[in-house]
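Visitor: return atomic coordinates for the entry below.
(2 chains)
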Amino acid sequence: GDSVTQMEGPVTLSEEAFLTINCTYTATGYPSLFWYVQYPGEGLQLLLKATKADDKGSNKGFEATYRKETTSFHLEKGSVQVSDSAVYFCALVPRQGGSEKLVFGKGTKLTVNP
Amino acid sequence: DSGVTQTPKHLITATGQRVTLRCSPRSGDLSVYWYQQSLDQGLQFLIQYYNGEERAKGNILERFSAQQFPDLHSELNLSSLELGDSALYFCASSYDRSQETQYFGPGTRLLVL
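Guide: Here you go, the predicted model:
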């Protein structure tokens, strides 16, 4: 079945450090890919998305590129801030199967220290 | 603010009881999704409604049921509650079946004692 695997956390970085959170997926066909972020005590917010191979999603300094050959969608940011501390979820929506349900990875908790 | 509202924010109840969680989608959105977030299972899809009709079911227990009303709000009913049902329940909405971006509400935190 469809699944998402993302790197285990927690990840702790200093402010202005470079961030990479790895995400790989298994799916039939070509799914749409997403990164959602959950700040403490809040719901999930869409961070960025990509709907086809080689698309790059970007938002708030975060980027991720849809790599069909490696079935990956790694999240990167060049310089993290304390306010980026949150849990990050990689997710997909399968193209097949008749539903638009999101399939999530387990989440990666990021803590950024000043 | 995503525009999706959920009530109540917190719910504390006892085993064996029944509760109803309510969700109002963003204005104009036709699809509503329910997800459960727990420490051991992560984020799991429960059920989707589109314009009042059930569209897809995920890992939803038989003790759980949902519906979407003509005004498009949705309710998730959880009955014969068990300790393991304690979790955060999220509702999300999207405009239609081809619009894949889902907007999430703040969630209802359920604690079963």
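Visitor: who's in contact with B:Tyr103?
Guide: For B:Tyr103, the contacting residues are A:Leu46, B:Ser2, B:Gly3, B:Val4, B:Arg26, B:Asp29, B:Ala92, B:Ser93, B:Ser94, by Cβ atoms under 8 Å, 6 or more residues apart in numbering or on different chains. Quick note: C-beta positions are derived from backbone N, CA and C, even for glycine.
Visitor: from those residues, which two are the most distant?
Guide: A:Leu46 and B:Asp29 (13.9 Å; Cβ to Cβ).
Visitor: show me the contacts for the nearest residue to B:Glu53 once chain neighbours are set aside.
Guide: Nearest residue to B:Glu53, sequence neighbours excluded (Cβ to Cβ, 6 or more residues apart in numbering or on different chains): B:Gln68, at 7.7 Å. The contact partners of B:Gln68, by Cβ under 8 Å, 6+ apart, come to B:Val32, B:Tyr49, B:Tyr50, B:Asn51, B:Gly52, B:Glu53, B:Ser74.
Visitor: all strands for the chain, in order.
Guide: Unless you meant another one, I'm taking chain A. Under the criterion DSSP state E, chain A contains strands at A:3-6, A:11-14, A:19-21, A:23-26, A:32-38, A:44-50, A:56-59, A:62-65, A:75-77, A:86-93, A:103-104, A:108-113.
Visitor: was after chain B, sorry
Guide: In chain B, the strands defined using DSSP E lie at B:5-7, B:10-13, B:19-24, B:31-38, B:42-50, B:53-57, B:64-68, B:74-78, B:87-94, B:103-104, B:108-112.
Visitor: any chance of those strands in CSV, plus mean pLDDT and distance to A:Asp55?
Guide: Below are the strands of chain B laid out as CSV (pLDDT from 0 to 100; distance: least, Cβ to Cβ, whole Å):
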stretch, mean pLDDT, distance to A:Asp55
strand B:5-7, 97, 31
strand B:10-13, 97, 39
strand B:19-24, 98, 30
strand B:31-38, 95, 23
strand B:42-50, 94, 23
strand B:53-57, 92, 25
strand B:64-68, 97, 32
strand B:74-78, 98, 31
strand B:87-94, 96, 19
strand B:103-104, 94, 20
strand B:108-112, 97, 34
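Visitor: tell me which of the ones you listed sits nearest to A:Lys52.
Guide: Closest approach to A:Lys52 among those (Cβ to Cβ): strand B:87-94, 18.5 Å.
Visitor: all set now, cheers.
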